[in-house]
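Colleague: Sharing a sequence plus its predicted fold:
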Amino acid sequence: MKIAVIGCTHAGTAAVSNMTKLYPEAEITVYEKNDNVSFLSCGIALYVGGVVQDAQGLFYSSPQELENMGVTMKMKHAVTSIDSEAKTLTAENLETGEVIEDTYDKLVMTTGSWPIVPPLEGIQLNNIVLSKNYTHANNIIEKAKDAQKITVVGAGYIGIELVEAFESYGKEVTLIDSSDRILSKYLDPEYTEVIENEFENRGITLALGETVSKFEGENGHVSKVVTTKGAYETDLVVLCIGFKPNTGLLQGQVDMLDNGAIIVNEYMQTSNEDIFAAGDSCAILYNPTGKHAYIPLATNAVRMGTLAAKNLVKKTIKYMGTQGTSGIKIYENNIASTGMTETAASFMDMNVKSITILENDRPEFMPSYESVTLKVVYEEGTRRIVGAQVMSKADLTQSINTLSVCIQNGMTIDELGFVDFFFQPHYNKPWNFLNQAGLQAIQ
């Protein structure tokens, strides 16, 4: 059996490492356009901010390691075409220009995503950079050394973390986003307001509800970002607008969402039975709505890559779907969310209610304790939990993993009130704050 794998970051690395064990007789070839695999892009801000000193720690595998497993690694090779009927592909060696053709029995599409780059005037100016891979990370660090005024476009996780990193180095930072608040996909306003206030107190300029219209430059370098509401002088611009799936190679050959995300079944199989897909190239079953959605997260990618490997020959394990569970640390605030925000649910015409708990994490008789804000969103009719958010200076983010399981299993807000949690004064209260959310919703 010949297996071709296109792309080798999270989903690809997970798929390949599992396939070598599951199918030791298979001939596995990986095509990767970069010279590295498995880079944790979620660590870019940590690297830029100096929290991570050695970037090699952001790689958890290597081409050599996979070669040692018997895999043929075609590094610096870009696949240029796929013929799914003939089961052939064409690739170009990016160093020599040589074009090669290959055949496959099974194809695993783990091409990931790429940052959205808007076609704006001035977009080609120097010092307008992306934030996705290892090369980008080094580029940001190098260019930031000589930049005093830095503009981040996009207030998602990556953008927010970079803003914190740049501010910690004493840079003058401007954050621009078309939404009227930061992290709007992950958190409701009562949470984002806390972070926005902290940013402003630290001198960060928030240009929210503004869309970039063009970039202006001097001597070929960007010098100003012009938006729908103003203009901001800058020495460096980092684009963190979002990501789009890298799926052009299979356009018209497998079913996709409108944004190009490949639709897979619960076994990671596309509409072509011999083509599997995983990671950021895919749409994924979103449990809160029961529909496919595009949620590019490393956690989803490694699970999907593993399942693609296990189901490649025989349908073995179904994917359980995702809640889009994620977390972030901004200054002293530990924040995590899962499922739908109340805001997102209202946009989707879901009839939801919410309960918000403001509590201390430990009994007040303990020497120290921290406040925690927990919000749980649930359907009004069924009382099914569909989302949750937590914030505290104490690390209580694991509670969101618990609530992710609750959503996964269709638990109601009433049931949450009486779930069995341990009590120990070092860690919590007799009534866990998760229980308290359920109890208050019953009243």
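Modeller: Yep, that arrived.

Colleague: As a quick check, tell me the outermost residue of this structure.
Modeller: Of all residues in the chain, residue 365 has its C-alpha farthest from the mean position, at 39.6 Å, by CA atoms, centre = their mean.

Colleague: residues in contact with the residue positioned nearest the centre of the chain?
Modeller: Within the chain, one residue has its C-alpha closest to the average C-alpha position: by CA atoms, centre = their mean, that is residue 297, at 3.2 Å. For residue 297, the contact set (CB atoms under 8 Å, 6 or more residues apart in numbering) comprises 322, 324, 326. Every residue, glycine included, has its C-beta placed from N, CA and C.

Colleague: Count the neighbours of the closest residue to residue 253 other than its chain neighbours for me.
Modeller: Of all residues beyond its chain neighbours, the one nearest residue 253 is residue 84 (4.5 Å), with distances taken as CB to CB, 6 or more residues apart in numbering. Here the neighbour count serves as a burial measure; for residue 84 (other CB atoms under 10 Å) it reads 19.

Colleague: got a list of what residue 84 touches?
Modeller: Residue 84 sits next to 107, 250, 253, 254, 272, 274, 275 when contact means CB under 8 Å, 6+ apart.

Colleague: can we see that at 10 Å?
Modeller: Under the criterion of CB atoms under 10 Å, 6 or more residues apart in numbering, the neighbours of residue 84 are 104, 107, 249, 250, 252, 253, 254, 270, 271, 272, 274, 275.

Colleague: where does it fall, phi/psi-wise?
Modeller: Residue 84 adopts backbone torsions of phi -70, psi -20, taken as degrees, to the nearest 10.

Colleague: mind checking pLDDT for it?
Modeller: With respect to pLDDT, residue 84 has a value of 98.

Colleague: Same question for residue 352.
Modeller: Per-residue confidence for residue 352 comes out at a pLDDT of 98.

Colleague: My read is that it contacts residue 375, right?
Modeller: No - the pair formed by residue 352 and residue 375 falls short of the contact definition of CB atoms under 10 Å, at 11.4 Å.

Colleague: Tell me which helix or strand the residue farthest from the centre of the chain sits in.
Modeller: Following DSSP states H and E, one finds residue 365 outside all helices and strands.

Colleague: Quick check: it touching residue 425?
Modeller: Yes - taking contacts as CB under 10 Å, residue 365 lies within contact range of residue 425: 7.6 Å.

Colleague: residues of stretch 317-324 that come out buried?
Modeller: Under the neighbour-count criterion of 16 or more other CB atoms under 10 Å, stretch 317-324 has 319, 321, 322, 323, 324 buried.

Colleague: Which residue is the nearest non-sequential neighbour of residue 435?
Modeller: residue 417 (5.6 Å).

Colleague: actually residue 366, not the one I wrote
Modeller: Excluding the flanking residues, the one nearest residue 366 by CB to CB, 6+ apart is residue 425, at 5.8 Å.

Colleague: Pull the number of nearby residues for the residue nearest to residue 156 when sequence neighbours are not counted.
Modeller: The spatial neighbour of residue 156 that comes closest, neighbours along the chain excluded (CB to CB, 6+ apart), is residue 240 at 6.2 Å. Using other CB under 10 Å, residue 240 has 26 other residues around it.

Colleague: any idea how far residue 240 lies from residue 186?
Modeller: Taking CB to CB, to the nearest Å as the measure, residue 240 falls 14 Å from residue 186.

Colleague: go on, residue 384?
Modeller: Using CB to CB, which is the criterion applied here, residue 384 is 20 Å from residue 186.

Colleague: For these two, indicate the residue with more neighbours.
Modeller: residue 186 (22 against 17).

Colleague: What segments of the protein are helices?
Modeller: Counting by DSSP state H, residue ranges of the helices within the chain are 10-22, 44-48, 63-68, 134-144, 157-168, 189-201, 298-310, 342-347, 398-408, 413-416, 433-442.

Colleague: mind exporting the shortest one as PDB, just the C-alpha atoms?
Modeller: What it means is helix 413-416. The C-alpha atoms that make up helix 413-416 are tabulated as PDB, following Å, rounded to 0.1, in the frame of the first residue of the first chain:
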ATOM      1  CA  ILE A 413     -27.300  22.700  33.500                       C
ATOM      2  CA  ASP A 414     -29.400  21.100  36.200                       C
ATOM      3  CA  GLU A 415     -27.300  18.000  36.200                       C
ATOM      4  CA  LEU A 416     -24.100  20.100  36.500                       C
END
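
Colleague: So for that helix, mean pLDDT?
Modeller: Averaging pLDDT along helix 413-416 gives 98.

Colleague: which parts of it are buried?
Modeller: Applying a neighbour-count criterion of 16+ other CB under 10 Å, the buried positions in helix 413-416 are 413, 416.

Colleague: Over to the fifth one?
Modeller: Applying a neighbour-count criterion of 16+ other CB under 10 Å, the buried positions in helix 157-168 are 157, 158, 159, 160, 161, 162, 163, 164, 165, 166, 167.
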